[in-house]
Each structure stands twice: as structure tokens, then as C-alpha cells.
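Q: make a model of this:
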Amino acid sequence: MSSGRRPAARRPVFGKRTTAQQADVEVRGWHQIASRFSAPALLGRRALAQSHVVIYEDVFASGRCRFLLGDLIALADRDQSVLPRLHALLEGVCRDLRAAAETTGELAPLSQCMPGLYANRIKNGGRLDAWYLHQDLPLTLPGTGTTITTGQLRRYTLTANGRDLVVDLPAIIGRTRHALNPASRWLTAITQGDPTEPNIADPLCWLDFEHAGRNTLTGESANLLWYLMALGGWLVPRYQPGTYQRTLRLALSPHTAPWIEHCTLAKTDRHISVHYTWNTGIGRHAALTRALDHLATPSDAFLQQARAFLTLRILGVLPPALLSSEDLLLVLIKAAECNNPTTTLGDLFNPTPVPLTNRAERSDHRASQRS
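A: Purely as a prediction, here's the structure:
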């Protein structure tokens, strides 16, 4: 005879499949920040034949969250009424980082921080060496019909938007390696470790804990700022479309991107002149501006501290061999700007907000409201 009771509804879950070792790191990271940051409930862990699965509450299926930061930015690009919600999310992110500094902040050597985003990329023979020093990539200068290599570029003077730069990759990488040596000391705190657009949900909930633990606060800020400036609205959707589609819920296409308006070459003088525009959508510009206001003050002191971390994000995320010559030149210009002692934060982060005018693209927002 039936008791008349309905079986309890199953809680929606999300399973992160990984290796046993990475699952240990993930679970340990969650435990370090779950009492401090808003995070999904950790429901368990399962060992399979070829992998381990860390099981979390599915915050989207449960209705706790609706979008990711990257989705909210794309919606605000299309509809400015989303901007207050975007501002609130960015302020929550910055508030959490400030609170982490206040409650768990301490000076510590880089060797005591989570290594995933830094150690293997900057070490001798690591990613930056393999990508930029152990290969000499062809670089066709836009509009000139001339191809040089990334190694030859250091023998040229490059003027970008009226400022003289030297794109000397061995020197840039050497300075970055020196600044980020394991014994270097930084202000650190217990944080999520990878504050990027796919890892922050709205309303504020932090996701993905493989880098959670003690991290440098300057590195956290640099990571978020460069993702907002370049990776989220330009490089990842353009060169890793599968990752972009997989990690965001809406994955709306960016409607604009940085581009080189004019490039000239004086061969005799070995002088390259470039004028570029760093276009972004209205929402992305607003998100970056809000993050800069909260995380990068005072601006001169922040940039002095953040140069090495920013350089590692600029050069160390996407393989340069994947990029078109124009896009690679823009990336190298930003690395050179970052390492030029006369560059200000406003010179480095200089996006131009471009409103969306295509009505067909505006319909993306209306469609998302119905989903």
C-alpha cells in the first residue's frame, strides 16, 4: 500500500571530471574558500575507472544563478539596462577580494602560492621560452607587404599610437622571470585563484577551485583585468571558440574587437609606425572601468607591482603561433607597453567603447530573456 508520499526531488548536480591528483587539489581549494566566498555546495566525489568526478550543486539548474560574468558583459553590450546588474556583480567580486586581503592577507614568497597559473609558464624552458624564445615566428606587418620575425622585431623601433616602444622579447621575459622568482615576496590572501569571466556567476557565486588557496592579490587583479581587456571579448572567442562555447552559458559573439587602423614601415630606419584602436562593447568597457576603479588604485603603484603578472597574462595564455599577424602584433605591443616604464595604467588599458547598432545582434538579448 502506498504511503502517498512523493519521492524527494533529486538535487541538480554538476560533475567536474578530472584526475585523482587534480581532484584532491580542487576539493582542498573549495574547503579553503567556501566559508569566505559564495560557492556551490560540494556534494561529494566519485572515483571512476579512468578519472575522478568532483560533484557540486548545479547553481544554474537550481535557479540560484542565471548567467556567468562573461554572459552578463555580452548582454550589457547589447542592452544598457543590464549595466546596473553588471556593476553590482563586479563590485561584489572586488569586495570579496578586499575582504580576503583584510582577513587572510599576509606577505609571503611566491613559492608558497598556488603555482598553476605562474610557475611552469615563467620557469627556464617553460611556456614563455617555448612560445617566444625557442621559435621565431613570421610576422607580416599589416598593409606593408613585409614579413619579419618576432625575433627580428627587437631590432626595430616601433611607435604605437605615438609612443616609442621596443619589443625585445628576451628582455621582457627576463624581467618577468626575475620579478616572479620563487623567493619574491608579495601580499597574498586565500582566494579562488582564477577570477575570470567563466568562473564568476551572477548573482555572485565563485566557481572552479583548482587554483584556490593562497594567491598573490596583484596576480588576481591582473588576471581579471587582462581577461576583461582582451581574453574574454576577443582572443578566447576568436582562437578557442570551443572553449568559449563550453565555458559560457550564452557565448554571444563579440560584436567588435581591437584592430590596427594603420601600419607603415621605414625599412632604412628600421622603424614601424602603428595606430591601433582597442574597441570593446559598452558592457565590457563598463566592467573593465569598474574593476580598474576598485582594484588598481593608486594606479601608478599598482602598475609597478603588476607589470610581471600582466606580462605573463598577455604572453602566456594563448600560443602566438595561433594568432594572425595583426592580432599577434597587438599582443606584442601590449607586452611592450606594459614593460615600458613611461606607460601609465591609462595607456595600457585604453579601450574604446563602441555601441551596438546591428538590430539582429540586439535580438540575442531578447532571446536570452526567453531562455
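Q: let's verify Thr140: helix, strand, or coil?
A: Using DSSP: H, G, I helix; E, B strand; the rest coil, the structure places Thr140 in strand.
Q: can you tell me how far it sits from Val27?
A: The gap separating Thr140 from Val27 is 47 Å, by CB to CB, to the nearest Å. Quick note: C-beta positions are derived from backbone N, CA and C, even for glycine.
Q: repeat that for Cys113.
A: Distance, Cys113 to Val27, by CB to CB: 19 Å.
Q: those two: which has the busier surroundings?
A: Cys113 (22 against 18; other CB atoms under 10 Å).
Q: for the more buried one, list the residues it contacts.
A: Neighbouring residues of Cys113 by CB atoms under 8 Å, 6 or more residues apart in numbering: 186, 188, 213-216, 219.
Q: in TSV, list the residues you listed along with pLDDT, distance to Leu128 and neighbour count.
A: As requested, the contacts of Cys113 are exported to TSV (pLDDT from 0 to 100; distance: CB to CB, whole Å; neighbours: other CB atoms under 10 Å):
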residue	pLDDT	distance to Leu128	neighbour count
Trp186	98	19	20
Thr188	98	23	26
Gly213	98	23	23
Arg214	98	23	17
Asn215	98	20	28
Thr216	98	18	27
Gly219	98	16	27
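Q: next one: the residue lying closest to Gly346 once chain neighbours are set aside from Trp226, what distance?
A: Closest residue in space to Gly346, ignoring its immediate chain neighbours: Ser299 at 7.4 Å, by CB to CB, 6 or more residues apart in numbering. From Ser299 over to Trp226 the distance is 16 Å, taken as CB to CB.
Q: compare the two (neighbour count), which wins?
A: Counted by other CB under 10 Å, Ser299 and Trp226 do not tie: Trp226 has more neighbours, with 26 against 15.
Q: what helix or strand does the more buried one sit in?
A: Per DSSP states H and E, Trp226 falls inside helix 217-226.
Q: kindly report the same for Ala308.
A: helix 299-315.
Q: contacting residues around that helix?
A: Helix 299-315 has contacts (CB under 8 Å, 6+ apart) with 117-118, 121-122, 128, 131-132, 172-173, 175-176, 179-180, 216, 218-219, 221-223, 225-227, 230-231, 292, 295-296, 331, 334-335, 338-339, 343-346, 348.
Q: please apply the same query to stretch 92-100.
A: Outside stretch 92-100, the residues that touch it by CB under 8 Å, 6+ apart are 36-38, 69, 189-191, 195, 200, 204, 206, 217, 220-221, 224, 290-291, 294-295.
Q: ChimeraX command to pick out the buried ones of those residues?
A: Provided next is the ChimeraX selection string for whichever of the contacts of stretch 92-100 are buried by 16 or more other CB atoms under 10 Å:
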select :36,37,38,69,189,190,191,195,200,204,206,217,220,221,224,290,291,294,295
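Q: tell me which of the contacts of stretch 92-100 fall in helices.
A: With DSSP state H as the criterion, helices contain 69, 217, 220-221, 224, 290-291, 294-295 from among these.
Q: would you format these as JSON lines with pLDDT and distance to Cys263 included?
A: Listed next are the ones in helices among the contacts of stretch 92-100 as JSON lines, based on pLDDT from 0 to 100; distance: CB to CB, whole Å:
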{"residue": "Leu69", "pLDDT": "98", "distance to Cys263": "34"}
{"residue": "Leu217", "pLDDT": "98", "distance to Cys263": "38"}
{"residue": "Glu220", "pLDDT": "98", "distance to Cys263": "35"}
{"residue": "Ser221", "pLDDT": "98", "distance to Cys263": "32"}
{"residue": "Leu224", "pLDDT": "98", "distance to Cys263": "31"}
{"residue": "Arg290", "pLDDT": "97", "distance to Cys263": "33"}
{"residue": "Ala291", "pLDDT": "98", "distance to Cys263": "30"}
{"residue": "His294", "pLDDT": "96", "distance to Cys263": "35"}
{"residue": "Leu295", "pLDDT": "96", "distance to Cys263": "33"}
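Q: now do the domain split for the chain, please.
A: With domains defined by automatic domain parsing, the chain comprises 10-62, 65-370.
Q: which stretches of the stretch 1-150 of the chain form helices?
A: Assigned by DSSP state H, counting those that start in this stretch, the helices in the stretch 1-150 of the chain fall at 20-33, 69-78, 83-104, 119-122, 127-128.
Q: to Tyr56, which of these lies closest?
A: Comparison of the helices of the stretch 1-150 of the chain against Tyr56 by CB to CB identifies helix 20-33 as nearest, at 8.2 Å.
Q: looking at the closest one now, give me its mean pLDDT.
A: For helix 20-33, mean pLDDT is 97.
Q: can you spell out which helices and strands pack onto that helix?
A: Here helix 20-33 touches strand 42-47, strand 52-57, strand 185-191, strand 213-216, going by 3 or more CB pairs under 8 Å, 6 or more residues apart in numbering; DSSP states H and E.
Q: returning to what we had before: winner for burial among the helices of the stretch 1-150 of the chain?
A: helix 69-78 (a mean of 26; mean count of other CB atoms under 10 Å).
Q: pull the residues that contact it.
A: Helix 69-78 has contacts (CB under 8 Å, 6+ apart) with 67, 82-83, 85-86, 89-90, 93, 196-202, 228, 232-233, 247-252, 254-255, 281-284, 286-287, 356, 361-362, 364-365, 368.
Q: ok, now stretch 141-151?
A: Under CB under 8 Å, 6+ apart, the answer for stretch 141-151 is 132, 136-140, 156, 169, 260, 262-265, 267, 272, 320, 325-326, 328-329, 332.
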